[in-house]
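**Student:** Give me a 3D structure for the following:
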Amino acid sequence: MSGAAETAAGAEETATFADLGLRPELLAALGRLGYEEPTPIQREAVPPMVEGRDLLGQAATGTGKTAAYALPVLQRLPDDRPGGDPLALVLVPTRELCIQVSEALHRYGRDLGARVVPVYGGQPIPRQLRALEAGVDVVVATPGRALDLLQRGSLHLGGIATVVLDEADEMLDMGFAEDLEALLDEVPEQRQTVLFSATMPRRLDSMARRHLRDPLRIQVAREVPVEGEAPRVRQTAFVVARAAKPAALGRVLDVESPTAAIVFCRTRDEVDDLTETLNGRGYRAEALHGGMSQEQRDRVMNRLRSGTAELLVATDVAARGLDVEQLTHVVNYDVPAAAETYVHRIGRVGRAGREGVAITLVEPRAHRMLKTIERVTGAPIHVERVPTVADLRARRLELTRAALRESLLGDDLERFRTVVDSLTDEFDVVEVALAAVKLAHEATTGPDDDEEIPEVTLRPERPRRDGDRGDRGQGRSPRGRSGPGGDTERLFIGAGRSAGVRPGDLVGAIAGETELRGRDVGAIEIAERFSLVEVPAAAAEDVITALRGSTVKGRKVTVRRERPR
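**Tutor:** Coordinates of the predicted model:
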């Protein structure tokens, strides 16, 4: 990208949004929403975007990049907006992010009368067609649905002045490369193109070179804690045997007492089973996975945001793009198969200066992956033992004490004085207080009948000898072979060239239904009637389960491990 201007976040501090040259209507909206000053990515991106520059932004999740492009898009809308065709197109990887971005544009652009329409899979097309026919300024879309509407002749891109690709690396990982190219070929050449991504893989850089003109490059790194200062996300792992995981999760949640938490699981079945278990333990838990309709997913998210639910048990696919402001904890029910997945998960807490907690339940054999994650995140994961019954009792008493202190400081207690006066005629005042605390404690914590959870430890790695390439001497497991990222397995998928299957379809199906990313998928062979796909051995069973419950090229297919030849 020769000639691209380079800039570093934080080069020149800007105190307020007013210094960015935004319209009064946008400043009023930001004031109502309580936004006081722009984040680094907003300081760097808004002025050049308002001027019409192409922009290539690399920023992590939670840095404020939605407003960084949404505000300039709204700023550049003309006052006399003619007709009904869109002037801006925002492409995002998932329907959840599509809804989130659309809601942000609505909030920021309310005083401008901005017409924003989200279009995504899972919502009836007739409703989206009616919204487009009524007139629109900004379309926020997933690539597949945008291309579908374009081919139907319902989405007109001839008037587009700005195109934004948000989380572009995710869109490539999910197999949308061809869709993105097709859409970018349909918008006018004289347009502003903006691309935001958390990472910059080679193929994304190649796409940027083809479609962006002399772009300004902005890179905002994750905040590095000052030496001696605690990180905003506290990362902890608890070692626990698989059979004890449900009880251990309940124990950890009891001790942590999160305001709201997401518990990540690998498969839909695990999500459903764990949700049922947690509700049986008295938690207000909701499931979220790809097998649910959009209406069901919307209801679940409304319950979490309103506080009706406190736990969201989800797969990675279903949780992509979610931003829950009151979220305090992220829990990995299993160690993720990819370090990047862990990074994306914990990025949902610790945002905008708030503190967050990332908890991982680790089986003894997962020691190596935990070390890999530590190297990628650049931060230690503190391995602790599962809280004991004594720990839980102490925590429950602390919560009771805190509740009583709050009541003493704020409540009207005078009406209970007659009860205390009458009892102190017969009992010591301390005994009366102890009885009251006992009743309050039991009313909030329930019966104390917890059993100890067996303590286990991580299995240390066996030291390697010269010539020892892996745990089995030759770098091979019972199935599969050792690859760049560890042991792999080949899966048989019962669809091939005759069904129109392409490598991107298989990568998109795997990345869209499991926690793996596109770069985790290895070699792909497509024959006339079947395909062979290489995946990390640790995730093979999850991929098989997920693909059996979904479709490839619109049809159910056989999925199994490749049989030995």
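**Student:** So what sits opposite Glu534 in the bridge?
**Tutor:** Note on Glu534: beta-bridge partners by DSSP bridges are Arg490.
**Student:** Quick check: mean pLDDT of the top helix by length along the chain?
**Tutor:** Longest helix of the chain, by residue count under DSSP state H: helix 389-410. What helix 389-410 shows for mean pLDDT is 76.
**Student:** need the next SSE after that helix, C-terminal direction.
**Tutor:** helix 417-424 (DSSP states H and E).
**Student:** Which other helices and strands does that next one contact?
**Tutor:** helix 429-445 (3 or more C-beta pairs under 8 Å, 6 or more residues apart in numbering; DSSP states H and E). To be clear about C-beta, it is placed using only N, CA and C from the backbone, and glycine gets the same treatment.
**Student:** Give me the helices and strands touching the helix it packs on, please.
**Tutor:** Using 3+ C-beta pairs under 8 Å, 6+ apart, helix 429-445 sits against helix 389-410, helix 417-424.
**Student:** could those be laid out in a markdown table, adding mean neighbour count and distance to Phe238?
**Tutor:** A markdown table is the format used below for the helices and strands packed on helix 429-445 (neighbours: other C-beta atoms under 10 Å; distance: least, C-beta to C-beta, whole Å):
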| stretch | mean neighbour count | distance to Phe238 |
| --- | --- | --- |
| helix 389-410 | 13 | 12 |
| helix 417-424 | 11 | 43 |
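**Student:** Name the secondary structure element that contains the closest residue to Val501 other than its chain neighbours.
**Tutor:** Leaving aside its chain neighbours, Val501 sits nearest to Ala495 (5.0 Å; criterion: C-beta to C-beta, 6 or more residues apart in numbering). Counting by DSSP H and E, no helix or strand carries Ala495.
**Student:** what about Ala495, neighbour count?
**Tutor:** By other C-beta atoms under 10 Å, 22 other residues sit near Ala495.
**Student:** Check the one 3 residues further on too.
**Tutor:** Each residue near Ser498 was counted by other C-beta under 10 Å, and the total is 10.
**Student:** same question, Arg561
**Tutor:** 15.
**Student:** hang on, the earlier thing: in this structure the residue nearest to Val501 contacts Lys556, no?
**Tutor:** No: under the criterion of C-beta atoms under 8 Å, Ala495 makes no contact with Lys556, lying 9.5 Å away.
**Student:** Now for the two: what residues contact both?
**Tutor:** Here Ala495 and Lys556 share no contacting residue, scored by C-beta atoms under 8 Å, 6 or more residues apart in numbering.
**Student:** the strands in the stretch 1-150 of the chain, which residues?
**Tutor:** 5-8, 55-59, 88-91, 116-119, 138-141 (DSSP state E, counting those that start in this stretch).
**Student:** Identify whichever of these lies nearest to Thr488.
**Tutor:** strand 55-59 (29.3 Å; C-beta to C-beta).
**Student:** In its sheet, which strands sit next to the closest one, and in what direction?
**Tutor:** Partners of strand 55-59 in its sheet, by DSSP bridges: strand 192-197 (parallel), strand 216-220 (parallel).
**Student:** Arg305: what's it in contact with?
**Tutor:** 324-326.
**Student:** could I get the strands of the stretch 1-150 of the chain as a markdown table with mean pLDDT, mean neighbour count and distance to Gln128?
**Tutor:** Formatted as a markdown table, the strands of the stretch 1-150 of the chain follow (pLDDT from 0 to 100; neighbours: other C-beta atoms under 10 Å; distance: least, C-beta to C-beta, whole Å):
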| stretch | mean pLDDT | mean neighbour count | distance to Gln128 |
| --- | --- | --- | --- |
| strand 5-8 | 41 | 12 | 37 |
| strand 55-59 | 88 | 23 | 28 |
| strand 88-91 | 96 | 26 | 14 |
| strand 116-119 | 94 | 24 | 5 |
| strand 138-141 | 96 | 28 | 9 |
